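[1] Pasting the sequence and the predicted model now:
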There are 4 protein chains.
Amino acid sequence: MSTPSSWRERLYVIVFQADTVAGRRFDSILLLIILASLITVILDSIDEVHQGYAGLLAWIEWGFTAIFLAEYLTRLYCSPKPLRYAFSFYGLVDLLAIVPGIIAIYYSDAQYLLIIRVIRMLRIFRVLKLGPYLKQANYLMSALRGSKQKIIVFLVSVSTLVTVFGTLMYVVEGPEHGFTSIPKGIYWAIVTLTTVGFGDIVPKTPLGQVISSLVMITGYSIIAVPTGIFTAELANAMRGEQLQHACPTCHKGSHEQSAAFCSRCGNALFKKME
Amino acid sequence: MSTPSSWRERLYVIVFQADTVAGRRFDSILLLIILASLITVILDSIDEVHQGYAGLLAWIEWGFTAIFLAEYLTRLYCSPKPLRYAFSFYGLVDLLAIVPGIIAIYYSDAQYLLIIRVIRMLRIFRVLKLGPYLKQANYLMSALRGSKQKIIVFLVSVSTLVTVFGTLMYVVEGPEHGFTSIPKGIYWAIVTLTTVGFGDIVPKTPLGQVISSLVMITGYSIIAVPTGIFTAELANAMRGEQLQHACPTCHKGSHEQSAAFCSRCGNALFKKME
Amino acid sequence: MSTPSSWRERLYVIVFQADTVAGRRFDSILLLIILASLITVILDSIDEVHQGYAGLLAWIEWGFTAIFLAEYLTRLYCSPKPLRYAFSFYGLVDLLAIVPGIIAIYYSDAQYLLIIRVIRMLRIFRVLKLGPYLKQANYLMSALRGSKQKIIVFLVSVSTLVTVFGTLMYVVEGPEHGFTSIPKGIYWAIVTLTTVGFGDIVPKTPLGQVISSLVMITGYSIIAVPTGIFTAELANAMRGEQLQHACPTCHKGSHEQSAAFCSRCGNALFKKME
Amino acid sequence: MSTPSSWRERLYVIVFQADTVAGRRFDSILLLIILASLITVILDSIDEVHQGYAGLLAWIEWGFTAIFLAEYLTRLYCSPKPLRYAFSFYGLVDLLAIVPGIIAIYYSDAQYLLIIRVIRMLRIFRVLKLGPYLKQANYLMSALRGSKQKIIVFLVSVSTLVTVFGTLMYVVEGPEHGFTSIPKGIYWAIVTLTTVGFGDIVPKTPLGQVISSLVMITGYSIIAVPTGIFTAELANAMRGEQLQHACPTCHKGSHEQSAAFCSRCGNALFKKME
């Protein structure tokens, strides 16, 4: 917004912000590189590809690590508060994007590095900070935040349900039908209550099938609860563009964004200082 | 709220209420103990753990029973109306938390005691009575209560659907494809209508697959019904629907949210300052 | 409501209406008999029960047929317009409740009669006509009716989707992976789009799995459509207790049930004839 | 709308529009032909039917191709701007309806033509342009359009989730339990998150089952998000949000639904008759 005075400030605007043409182009290129590095990781995990092109893919991965390293150093250099950036959420994700490449020098075939290499993907959300998406994401986030306590109550109830039903099925069906322990029963109850229904463990006894039917109908019905909570909150958040200010006369609480007078009683919302 | 005069009353405030620091700490500790006792039960059901640590886990279980016994006696002692507490819902759940430990002295390996030991978990909801959660749970409960009759109509319709479809599939597919009886058919219809889809019983004949498709599309569509009911009720419960303001002329007490004039006498509800 | 003058009219009030004590008791007893006859049918389909008690259950079934016959004749007798009753929806369902018992005299072991015997269950909805349930069912029905056209648009779109995806999978996966014909492919697409997922037919080729992922994400997302339609209509239907009358001055369309003046402009809603 | 002066214009009204009797009849007949051609394709894919009636079905298909060709030429002839029609969406779909018949002369048994033959089905939506359906479809489309950005944010989040979870499961479960590559893991994550749950790949290790439980509960909960988005938007689209009435004093044109006073100048929007 303000004219950048030095080269470093100009770089900051390009690298960290998205409201200039150059900044948007930088974000687009970064997005493509992140996606390309992700596809490399995914392809490398396919056995046939790995056997044929392991060497090539390792070189490409090295290239991406170099690019991400350069990007990380640039960000550190042009950030006005480098330390604060380094320990921010995105700063750590940016650092994580380089780490696997470097560790891989010492330990080859480190399977668990894969996860870190995929977590790079979180950097995509940076790019979504662009214009209208940010506003929409804020709606969603504020709806989620507004319904946090309701959702905790819901999750505690669901946890209780799956524990009780899982134990019940463990007692009723027993190890001979796949319910070898209570955790297995709870796993089955989650699979059933969420209506996923893998079918790897299924009730065999009539009583077990009756209990299952109960779990399924419960799961089918209570999905209404998170949906209802979220919908009501989201409708609130979307309406919430309104001015939150109680009218001093009739106490109507929300008004049009630019209202000067209350639309119910016609009195001035704000006192005019003469 | 009132200053507790005696030791017993002070105990009551700590044990039963959650608006003092001591009361909240008591609840937190109780929550941890309940969760720990639950984990003991769950671990004990895993075969490898049971074979290695059965003795240790039995001792731990004994410890929990002792703690819960002490807690129950304390509650009985400090409750102003001990009998009323003893026969309240939570009083019975508290009692149930002790019973399995005591029965286990006479009957060892009693599988069915497991369920009672897990039902202890219901005591977690005590702790959720804390502050803001109570209000949110009330919203959810009042939305559920408001939609009770609609939900009964819905459940009766669903029961009819699964019975009719279950019988139809029993007749069409027959025992050779797993539909060995009408109850089995109803079980399959519930599995399918709720979109769980275990896959343990599946239609094999073309006609059976056509009927299945009908059941699935029905189940996929009517999930909208409980969701719609609950969402509409919850939105109602969250909005304080009506304006509570007595009309200065005719004293009608509640009006449409945004009324400027009384709908009974037509006079302005609020004075306009000129 | 009016005092019944003759025995026949008194019978009519008991048998057809639910606002007297006797009428409600009649409905309750009928409900129990219907459920009992349903349980008989269901039990009879279980092989072990059938082999042991086939004779007994046949006698019980005879008893129910006799009761339903008596009830049907009573309804015909006391109905003011017997023919109109006989050809009404419930009249036909009542008749269907007797038919299987009579047909079974000539054709024993007629499997398809089972379905008719289960359709008796529809008579349960008679009893739901009781008091508050009727009003709630009306809300649900009016919400469904209001969204009929939207739901047809939705179902046509879903049909197109499953046909196109089913054909695509038939071409891509082919008969060797279970997709033996387009109808089979459509069946699979319905199983997948509705998120049922039996797992009897699953994609094996990478391209098939990519298409499946598309179908699943589509199915997961568009469930929002019937839910959204129904919720919006139901919220409308529940608000719809309001008076639908445009204010002659400001054209506000809906008012409180008992409004005499418009709450927006304060003018009389109806002209007073002097 | 205007009275068609020539034969060609009259034809245009019949073929392209649906507000005359002849136009509606034309659409109905077209709908039947499209459905019949679709059923031919579907029947032909069933092995038993194909072996018995391949010749007959090929002739019928020829007939349909001839009809669609005639229709396409008619549309081209009577369209006021033939080129614009030819390159419009429906123009291309109409062309696609003829192509497979013609290609089939040179290449027989071309499996991939099947898809084009099924895409004909899209022409059904032409007929849905009829009267009330158009308006309802517009509601749905405007709700979808209004929520486009929110849905993109949602889909990006879901994509990230399934990629991270898919990789996690590939690392945790490994190829010996069916998770042979990251794409396979992502496929499994989609199957699970969308609550489809085929059961072709299931977690076997305890850690894998814990992660699965997380995925399932996430999938079960976040289905609330698209539903909430769509419901809120649809409710918006169905409500005609604002009052369109120019303030008599300051001429502000749109106000809150229930405004009695202008929120800009505070004067009454409607005159009160005394």
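    Noted; the coordinates are in hand.
[2] quick one: A:P248 is in a helix?
    No - using DSSP: H, G, I helix; E, B strand; the rest coil, the assignment for A:P248 is coil, not a helix.
[3] Can you check the pLDDT for it?
    The model reports A:P248 with a pLDDT of 75.
[4] Then A:L32?
    Taking A:L32 on its own, its pLDDT is 90.
[5] repeat for A:V162
    93.
[6] so it touches A:T194, yeah?
    No - A:V162 is not in contact with A:T194 according to CB atoms under 8 Å; the separation is 9.2 Å. For glycine as for every other residue, the C-beta is placed from the backbone atoms N, C-alpha and C.
[7] For A:A268, grab phi and psi.
    Per-residue torsions, A:A268: phi -60, psi 140 (degrees, to the nearest 10).
[8] Apart from its chain neighbours, what residue comes closest to it?
    A:F261 (5.6 Å; CB to CB, 6 or more residues apart in numbering or on different chains).
[9] Spit out the contact partners of the one you found.
    A:N267, A:A268, A:L269, D:F261, D:C262, D:S263, D:R264, D:C265, D:G266 (CB atoms under 8 Å, 6 or more residues apart in numbering or on different chains).
[10] where does the closest residue to the fifth one other than its chain neighbours fall, phi/psi-wise?
    It refers to D:C262. Using CB to CB, 6+ apart and skipping residues adjacent in sequence, the residue nearest D:C262 is D:C247, 4.0 Å away. The phi and psi torsions at D:C247 (degrees, to the nearest 10) take the values phi -60, psi 130.
[11] how near is D:C247 to chain A?
    Separation of D:C247 from chain A (CB to the nearest CB, to the nearest Å): 11 Å.
[12] thought that residue was touching D:A268?
    No - contact status for D:C247 versus D:A268: not in contact, 9.1 Å apart, counting by CB under 8 Å.
[13] Need the overlap of contacts for those two.
    With CB under 8 Å, 6+ apart, D:C247 and D:A268 have common neighbours D:C262.
[14] quick one, strands of the stretch 51-200 of chain A?
    Using DSSP state E, counting those that start in this stretch, the stretch 51-200 of chain A contains no strands.
[15] ok and the residue in it nearest chain C?
    A:G199 (5.5 Å; CB to the nearest CB).
[16] where's that residue relative to D:Y220, distance?
    17 Å (CB to CB, to the nearest Å).
[17] next one: A:Y187
    14 Å.
[18] Also A:V172?
    From A:V172 to D:Y220 the distance is 24 Å (CB to CB).
[19] do A:G197 as well
    A:G197 is 12 Å from D:Y220, where distance means CB to CB.
[20] Now do the shared contacts for the two.
    Common neighbours of A:G197 and D:Y220 (CB under 8 Å, 6+ apart) do not exist.
[21] got a list of what A:L193 touches?
    Per CB under 8 Å, 6+ apart, neighbours of A:L193: A:V158, A:L161, A:V162, A:F165, A:V215, A:M216, A:T218, A:G219, D:Y220.
[22] What residues does the first one make contact with?
    Under the criterion of CB under 8 Å, 6+ apart, the contact list for A:V158 reads A:L193, A:I222, D:I217.
[23] Would you mind putting these into JSON lines with distance to C:I116 and pLDDT alongside?
    Formatted as JSON lines, the contacts of A:V158 follow (distance: CB to CB, whole Å; pLDDT from 0 to 100):
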{"residue": "A:L193", "distance to C:I116": "35", "pLDDT": "94"}
{"residue": "A:I222", "distance to C:I116": "35", "pLDDT": "84"}
{"residue": "D:I217", "distance to C:I116": "43", "pLDDT": "91"}
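[24] Just the ones of the residues you listed in helices?
    A:L193, A:I222, D:I217 (DSSP state H).
[25] The second one: how many residues sit nearby?
    Number of residues near A:I222 (other CB atoms under 10 Å in any protein chain shown) recorded here: 19.
[26] What of the last one?
    D:I217 is surrounded by 18 other residues when neighbours are defined as other CB under 10 Å.
[27] A:G199 and D:Y220: which has the busier surroundings?
    Between A:G199 and D:Y220, A:G199 has the larger neighbour count (other CB under 10 Å), namely 24 against 21.
[28] Hmm, that one is touching B:F198, no?
    Yes - A:G199 is within contact range of B:F198, at 4.1 Å (criterion: CB under 8 Å).
[29] Show me the common contact partners of the two, please.
    C:F198, D:G199.
[30] where's A:I34 relative to chain B, distance?
    35 Å.
[31] Can you report the mean pLDDT over the residues of the biggest helix by length in chain A?
    Longest helix of chain A, by residue count under DSSP H: helix A:47-78. Mean per-residue pLDDT for helix A:47-78: 88.
[32] list the buried ones in stretch A:11-29?
    Buried positions in stretch A:11-29, judged by neighbour count with 16 or more other CB atoms under 10 Å in any protein chain shown: A:L11, A:Y12, A:V13, A:I14, A:V15, A:F16, A:A18, A:G23, A:R24, A:F26, A:D27.
[33] Make a markdown table from these and add secondary structure and pLDDT to it.
    Formatted as a markdown table, these follow (DSSP: H, G, I helix; E, B strand; the rest coil; pLDDT from 0 to 100):
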| residue | secondary structure | pLDDT |
| --- | --- | --- |
| A:L11 | helix | 85 |
| A:Y12 | helix | 85 |
| A:V13 | helix | 84 |
| A:I14 | helix | 83 |
| A:V15 | helix | 82 |
| A:F16 | helix | 80 |
| A:A18 | coil | 72 |
| A:G23 | helix | 83 |
| A:R24 | helix | 82 |
| A:F26 | helix | 87 |
| A:D27 | helix | 84 |
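[34] any low-confidence regions in the stretch 51-200 of chain A?
    Across the stretch 51-200 of chain A, the ranges flagged by pLDDT under 70 are A:105, A:107-111, A:127-134.
[35] Close to chain C: what parts of it are there?
    A:T195, A:V196, A:G197, A:F198, A:G199 (CB under 8 Å from any CB of the partner chain).
[36] Recalculate using a threshold of 7 Å.
    A:G197, A:G199 (CB under 7 Å from any CB of the partner chain).
[37] Okay then, goodbye and thanks.
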